[in-house]
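**Student:** What follows is a predicted structure for the sequence shown.
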2 protein chains.
Amino acid sequence: MAKELIFGHQNPDTDAIGTAIAYSYLQNKLGYDTEAVALGEANDETKYALNKFGFTAPRVIKTASNEVDAVMLVDHNEPQQSVSDIDKVKVTHVVDHHRIMNFNTADPLYYRAAPVGCTSTIMWQMYNEKEIEIPQDIAGIMLSAIISDTLLLKSPTTTDQDKEAVEALANIAGVNYKEYGLKMLKAGTNIADKSEEDLIDLDAKSFELNGSNVRVAQINVVDLPEALERKEAFLKAMDEASKSEGYDMFMLLITNILDSDSEALVVGSDESKAKFEKAFNTKLSDSEVKLPGVVSRKKQVVPPLTNAFEA
Amino acid sequence: MAKELIFGHQNPDTDAIGTAIAYSYLQNKLGYDTEAVALGEANDETKYALNKFGFTAPRVIKTASNEVDAVMLVDHNEPQQSVSDIDKVKVTHVVDHHRIMNFNTADPLYYRAAPVGCTSTIMWQMYNEKEIEIPQDIAGIMLSAIISDTLLLKSPTTTDQDKEAVEALANIAGVNYKEYGLKMLKAGTNIADKSEEDLIDLDAKSFELNGSNVRVAQINVVDLPEALERKEAFLKAMDEASKSEGYDMFMLLITNILDSDSEALVVGSDESKAKFEKAFNTKLSDSEVKLPGVVSRKKQVVPPLTNAFEA
């Protein structure tokens, strides 16, 4: 069987990298020849999790078709979030927890999606269905992915299945998930040593909303005022990225992981900003607005933006 | 929980109807409130299977949004093969064994696909994973679906998983699957009492191939010469359907289920016919050509047509 690469989305988070590692282990056990890779460097939070459970970060690839004919995707399906030459390889498997958009194939494939908080929750179910024993380190990295995506089970995307998976995986990994999880999340909140350009690109995704190219980035912090001291520099970096990459709107969500509130910064045309204000039924003040209780890009940001842009 | 409808594709076959029935039973066991319906009348083969296992044919619907807000799809995902108002309802679940094409959602959903011969094979796996006991009649209708889609495990779409499912389901259903299967397939080959207009629409699907609207219909027979006596009438009906429905090409595959060979009839523009000839590396003679060994629209017809139309 020809080798296949497994990877998550661009600007990888702990789910994208952790679930790729877990899926590669599972598929290799089932007879496939796979390697988990990543479409970017691991962020600080992911590095903390990888280190905790004894993994090195997956190799970063820029293109896939120079190495393999076929790939497996985790934690994404939209082509613009995938490897740059996704149209040159065959996608044979997808495991994901996002909406399906612009994902077209020539042939039937394995596709497994569920509206749960994290791809690793589905992966945990797949291990159970296939009756493959989960090693301690794999359990640890899947646990880390779920804690990351659900902000320690506090995000509104969290389901009972995520909670079950966390309990079971923490048990196998041998960690107190609340203590470990808070340490891991905090490891991802150190913004002091990073430039604004880097921070707005670390966890950022592009969405095509009714013809508009909308960028939504998110930063987790434990000290919102510290982050907002750099507001003007963030806005400048977002403005420059919009010009060079052709974004019609750039939204930065700065989320306090301790109290689950966010502050949004928005740059873009007056028309785009009006759509943002309509989406959240709010008014921007000097490009900024509080979004109390908003922590999930997928569940609380993309759907209202989609509706506003399509109206 | 609000009621949802479950249905397969237009011009339903035994998989579309049988798997909808099986999925509705499973989902209701798991706490959902669902009803299996169909997007058209059951064909003779499906009626034979339904009757054999004590089912009445599912209610036929023309639209869904007048009844429910959300639906579950089996055996298809492409919008043009689905209910006419699919854009007005939310798709919460899909179980399918086809390529994914033009299927876009606003929200995450349950999606389960595998490149196997029949949707009921995936359904059988889902029953096993959920540890839900399969009643005898449900086993019988799932068995019928797999026999239908794989032409008694002889189609090139057949996988080891389909064979395992057939063995297991025949055991639960209490039938000799080879004897029963041949009777069921033969029940679907009586074309004498049907008009050409009906026959070219019984098992027909539309595909958008690089902007061209291509219709591919299939008829199963046990006596090819008998069917070809009606060739001129078939061509006339296909020509009329193309004009009224705007098909750029209409291909009718007449398959002898006993020896797994097919005869193709094709109407359309000279350009479309040239693409057909390129796809199958053959020459049409008076709109007709033998396609030895071709029995699967999904695996042996749509991929070469897709390539030829996109070249």
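**Tutor:** Done, it's in.
**Student:** neighbours around the closest residue to A:L265 other than its chain neighbours, how many?
**Tutor:** Counting by Cβ to Cβ, 6 or more residues apart in numbering or on different chains, A:L252 is the residue found nearest to A:L265 once chain neighbours are left out, at 4.4 Å. Glycine gets a C-beta too; all of them are placed from N, C-alpha and C. Number of residues near A:L252 (other Cβ atoms under 10 Å in any protein chain shown) recorded here: 27.
**Student:** Show me what secondary structure element comes after the helix or strand hosting A:L252.
**Tutor:** Counting by DSSP states H and E, the element that carries A:L252 is strand A:249-256. Following strand A:249-256 in sequence order, the next helix or strand is strand A:261-268 (DSSP H and E).
**Student:** residues touching the residue nearest to A:L265, list them.
**Tutor:** A:L252 sits next to A:I200, A:A217, A:Q218, A:I219, A:F234, A:M238, A:A264, A:L265, A:V266 when contact means Cβ atoms under 8 Å, 6 or more residues apart in numbering or on different chains.
**Student:** Okay, strands next: where are they in the stretch 1-150 of chain A?
**Tutor:** Per DSSP state E, counting those that start in this stretch, the stretch 1-150 of chain A carries strands over the ranges A:4-7, A:34-36, A:70-74, A:90-96, A:110-113.
**Student:** So what touches the longest one?
**Tutor:** Spelled out, it's strand A:90-96. A:4, A:6, A:19, A:23, A:27, A:69-77, A:103, A:105-107, A:109-113, A:119, A:122-123, A:126.
**Student:** Report the buried residues of it.
**Tutor:** Neighbour counts over strand A:90-96 (16 or more other Cβ atoms under 10 Å in any protein chain shown) mark A:V91, A:T92, A:H93, A:V94, A:V95, A:D96 as buried.
**Student:** how about A:K3, what does it touch?
**Tutor:** Residues in contact with A:K3 (Cβ under 8 Å, 6+ apart) are A:D33, A:T34, A:E35, A:E67, A:V68.
**Student:** And it, what's its pLDDT?
**Tutor:** With respect to pLDDT, A:K3 scores 98.
**Student:** So A:I17 is in contact with A:T46, correct?
**Tutor:** Yes - the criterion here is Cβ atoms under 8 Å, and A:I17 meets it with A:T46 at 5.3 Å.
**Student:** What separation is there between A:R230 and A:E179?
**Tutor:** 30 Å (Cβ to Cβ, to the nearest Å).
**Student:** if you count what's nearby, which of these two comes out ahead?
**Tutor:** Neighbour count, other Cβ under 10 Å: between A:R230 and A:E179, A:R230 has more, with 17 against 9.
**Student:** where does chain A come near chain B, residue by residue?
**Tutor:** A:97-115, A:129, A:298, A:303, A:306 (Cβ under 8 Å from any Cβ of the partner chain).
**Student:** List buried residues within the residues you listed.
**Tutor:** For the residues of chain A next to chain B, a burial check counting by 16+ other Cβ under 10 Å picks out A:97-101, A:103, A:105, A:107-115, A:298, A:306.
**Student:** which residues touch the residue of the stretch 151-300 of chain A found nearest chain B?
**Tutor:** Here the stretch 151-300 of chain A gets closest to chain B at one residue, A:K298, 7.2 Å apart by Cβ to the nearest Cβ. For A:K298, the contacting residues are A:H98, A:T157, B:P108, by Cβ under 8 Å, 6+ apart.
**Student:** and it, that one's in a helix?
**Tutor:** Yes - under DSSP: H, G, I helix; E, B strand; the rest coil, A:K298 sits within a helix.
**Student:** For the residue nearest to A:L265, list each beta-bridge partner.
**Tutor:** A:A217, A:L265 (DSSP bridges).
**Student:** list the contacts for the closest residue to chain B within the stretch 201-311 of chain A?
**Tutor:** Nearest residue of the stretch 201-311 of chain A to chain B (Cβ to the nearest Cβ) works out as A:T306 at 5.9 Å. Shown in contact with A:T306 (Cβ under 8 Å, 6+ apart): A:F207, A:L209, A:N210, B:A106.
**Student:** and the helix or strand harbouring it, how far from the chain's centre?
**Tutor:** Using DSSP H and E, A:T306 falls within helix A:302-310. A distance of 19 Å separates the centroid of the chain from that of helix A:302-310, by Cα atoms, centre = their mean, to the nearest Å.
**Student:** likewise stretch A:44-59?
**Tutor:** Relative to the centre of its chain, stretch A:44-59 is centred 16 Å away, using Cα atoms, centre = their mean.
**Student:** tell me the mean pLDDT for that stretch?
**Tutor:** 98.
**Student:** So A:L182 is in contact with A:L152, correct?
**Tutor:** Yes - judged on Cβ under 8 Å, A:L182 makes contact with A:L152 at a distance of 6.7 Å.
**Student:** Using the three-state scheme, assign A:S206.
**Tutor:** Assignment for A:S206 (three-state DSSP): strand.
**Student:** and it, how many neighbours?
**Tutor:** Counted by other Cβ under 10 Å, the residues lying close to A:S206 total 19.
**Student:** what's it in contact with, if anything?
**Tutor:** By Cβ under 8 Å, 6+ apart, the contact list for A:S206 reads A:Q80, A:Q81, A:N213, A:V214, A:R215, A:Y247.
**Student:** any idea how far the second one is from chain B?
**Tutor:** I take that to be A:Q81. Distance from A:Q81 to chain B, counting by Cβ to the nearest Cβ, to the nearest Å: 14 Å.
**Student:** So that residue versus A:V214, what's the distance?
**Tutor:** As for A:Q81, its distance to A:V214 is 13 Å (criterion: Cβ to Cβ).
**Student:** hang on, A:E41 packs against A:A57?
**Tutor:** Yes - in this structure, A:E41 is within contact of A:A57 by Cβ under 8 Å, at 7.1 Å.
**Student:** Which segments of chain A make up each domain?
**Tutor:** Annotated domains of chain A cover A:4-187, A:196-310 [the TED database].
**Student:** Output the ones you listed in a markdown table; the columns should cover distance to B:E277.
**Tutor:** Formatted as a markdown table, the domains of chain A follow (distance: least, Cβ to Cβ, whole Å):
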| stretch | distance to B:E277 |
| --- | --- |
| domain A:4-187 | 20 |
| domain A:196-310 | 38 |
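**Student:** Relative to B:N51, which of those domains is closest?
**Tutor:** For B:N51, the closest of the domains of chain A is domain A:4-187, at 30.4 Å, according to Cβ to Cβ.
**Student:** Relative to the whole chain's centre, how far out is that closest one?
**Tutor:** Remark: domain A:4-187 is offset 10 Å from the chain centroid, using Cα atoms, centre = their mean.
**Student:** And that domain, end to end?
**Tutor:** 32 Å (Cα to Cα, to the nearest Å).
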